[in-house]
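Asker: Just the structure for this:
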Amino acid sequence: MRILLLASAFNSLTQRVHAELRDRGHRVAVELALPGGSLPDAVRRHAPQLVVAPMLKSVIPEEVWAAYPCLVVHPGPVGDRGPSSLDWAIHEGIEEWGVTVLQADGEMDAGDVWACVPCRLSQVSKSALYRGEVADAALDAVLLAVERFAGGTHVPQRQGAARAADARLRPRPYLDQSVRRIDWAEDTTDTVLRKLRAADSQPGVLDTLLGREWYLHGGHPESALRGRPGELLATRAGAVCRATGDGAVWLPELRPRRLAGQPPTYKLPAVLALGDLLPPLPEAPEATWSDIRYRESGDVGFLSFAFPGGAMSTAQCRRLLDAYREACERPTSVLVLGAERDFFSNGIHLNVIEAADDPAAESWANINAVDDLVEAVLTTTDRLVVAAVAGNAAAGGVMLALAADEVWCRSGAVLNPHYRLMGLYGSEYWTYTLPRRVGPAVAERLMREALPVSAAGALGLGLVDRVVDAGPEAFAGEVGRLAAHLSARPATATRIAAKKTELERRESETPPAAFRERELARMRRTFDDPDAPYHALRRAFVRKERPAATPSHVCAFQTDPGPSATGFTGTAPLGIPSRAIG
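Answerer: Down below sits the predicted model:
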């Protein structure tokens, strides 16, 4: 079927729907609802059989929904309406929620229902829920709605009874800053965290700190530190700790309020954003929260990291490399690397680079820091390394995963193994690892097409070795079970012994360092050229500037060629079948 996705942005959910529909043989195109554009003309040009809106902030014009069947994804159960559905649910502490696919008509969120899938709201940020539990439910609802539409016999249900049965399900206004505001003296830590989670990653919670207005992004509880409500207590890993009425919270990122006539502002690690405004504060030892953690269970080590937005700055890469080296000193046979949920990694930290006095120099430092981390993983020969991809990964983050011996990917993750949309050639040893996994032809296609890949699609390509069919909260536990099984297998010792021999063989042919050197030479030329597209693309990305038109690589109808076109042999990089584990 020819399916057109209407969206305000090609965001994570739109990418997932795009990839999953292509996996199922549909021809899929995207059209962005942009200011000044004509959606009716664009839809007529595509001539779709079905229009799906995974994330659309504007109203579909009557000229479109009257002529084409249009299905809209609403991140709330049947009967819920309004632009801040998920925000309100988190703000009010609701645990059972849902996602509805309804038919567009003259009233926002009031159309007939094609599918509704329930989901639980874990106590994590809105953005993590949106990419996790909500995205899982949305995908299931979209696939069910598309199947029902294609069948031709399903009659969608009218809304009405659900709102009468549950007072929470009603039209609600935009959740503005007057409701989000934190009262540091009166609000409990739980209340503060709920407000922060309901506003992450957009719009943030507007607050005053050190005499200036900031949007607060993200929040984590602190169990030990205490102080006067509103007082800054300590720093750790770029975050600041702030006292509440009954405890304290960690604030990882801040964004200055935009001033009239000034360019858009963007999120930065809190310590970096505050700069010289920040008074001398102690660097707190690890207590309740840390963005990097290590633990062991039997013969398996788990090095977890969770960086906001999946971006990895120079400092974050260096701290993670230090932690990785420490983990490799432990007597384990398997080391699992990755977040317990949400993003794996999206590569270099474009916001920190943009804020630097010399963005070119910081770009160079950041890419080398990521490369150093990837090199450490690639050259680990005394244990098996597993990349546990709990959530989305892109660019250098995908290549960090590919440096491991095995890549285990949650079924809901989306991978973007390319760089060109940011005007970059790429590094992180991709010219060494990617062709070894998928073959040179597929590696070239992935880089050229620059399209998102679903977890199932990545498995078919050989990009990952295992898809873990688990929800966001269950992924870490399932990975732990699989890792314990891997460490106990007799063949694991043989595989570890073979790693050193294989690395020595490759060093004698074309050393991995040569791939890095060639990649970095091209990256250096780009960074040092002020007219290179990378610099303008980075600025536009960081400031969330809308494109002038729908990007050409997604506006044409696409379908997935399937694994038969890849030449994939079904083996891991060392030639040892790894999907049979467990």
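
Asker: How about the contacts made by Ala7?
Answerer: 14, 30-33, 53-56 (C-beta atoms under 8 Å, 6 or more residues apart in numbering). For every residue, glycine as well, the C-beta is placed using N, CA and C.

Asker: Which of these sits closest to Ala270?
Answerer: Ranked by distance to Ala270 (C-beta to C-beta), those are led by Met55 at 28.0 Å.

Asker: if I look at the closest one, how far off is Arg180?
Answerer: Distance, Met55 to Arg180, by C-beta to C-beta, to the nearest Å: 21 Å.

Asker: Next, count neighbours for Tyr294.
Answerer: Other residues near Tyr294 number 16, with proximity taken as other C-beta atoms under 10 Å.

Asker: How about the one 4 residues further on?
Answerer: Neighbourhood size, Gly298 [other C-beta under 10 Å]: 13.

Asker: Quick check, Arg383 in contact with Glu329.
Answerer: No - if you go by C-beta atoms under 8 Å, Arg383 and Glu329 don't touch, sitting 10.9 Å apart.

Asker: More neighbours: these two, which one.
Answerer: Arg383 (23 against 8).

Asker: which residues touch the more buried one?
Answerer: Contacts of Arg383 (C-beta under 8 Å, 6+ apart): 328, 332-335, 496.

Asker: In helices, which of these fall?
Answerer: By the criterion of DSSP state H, membership of the contacts of Arg383 in helices covers Ile496.

Asker: Of the contacts of Arg383, which belong to strands?
Answerer: 334-335 (DSSP state E).

Asker: ok, Ala66 - how many residues close by?
Answerer: 13.

Asker: ditto for Cys116
Answerer: Around Cys116 there are 22 residues (other C-beta under 10 Å).

Asker: these two touch, right, it and Val99?
Answerer: Yes - counting by C-beta under 8 Å, Cys116 does reach Val99; the two are 7.1 Å apart.

Asker: Find residues that contact each of those two.
Answerer: 77, 141.

Asker: Just the buried residues of stretch 245-256, please?
Answerer: Using 16 or more other C-beta atoms under 10 Å as the test for burial, stretch 245-256 gives 247-256.

Asker: how long is that stretch end to end?
Answerer: 24 Å (C-alpha to C-alpha, to the nearest Å).

Asker: So for that stretch, mean pLDDT?
Answerer: Mean per-residue pLDDT for stretch 245-256: 97.

Asker: re the thing from before, which of the contacts of Ala7 fall in helices?
Answerer: Thr14.

Asker: okay if I get the contacts of Ala7 as CSV plus neighbour count, pLDDT and distance to Ala67?
Answerer: Shown next, in CSV, are these (neighbours: other C-beta atoms under 10 Å; pLDDT from 0 to 100; distance: C-beta to C-beta, whole Å):
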residue, neighbour count, pLDDT, distance to Ala67
Thr14, 24, 98, 22
Val30, 25, 97, 19
Glu31, 21, 97, 15
Leu32, 22, 97, 19
Ala33, 20, 95, 16
Ala53, 24, 98, 15
Pro54, 26, 98, 20
Met55, 21, 97, 22
Leu56, 22, 95, 17
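
Asker: Next step: the contacts of Ala7 restricted to strands.
Answerer: Going by DSSP E, the strands hold 30-32, 53-55 from the contacts of Ala7.

Asker: quick one: low-confidence parts of this protein?
Answerer: The model of the chain has pLDDT under 70 over residues 161-168, 287, 561-582.

Asker: What are the contacting residues of stretch 219-232?
Answerer: 125, 184-185, 189, 192-193, 196-197, 200, 209-210, 233-234, 239-245, 247-252, 278-279, 281, 284, 287-289.
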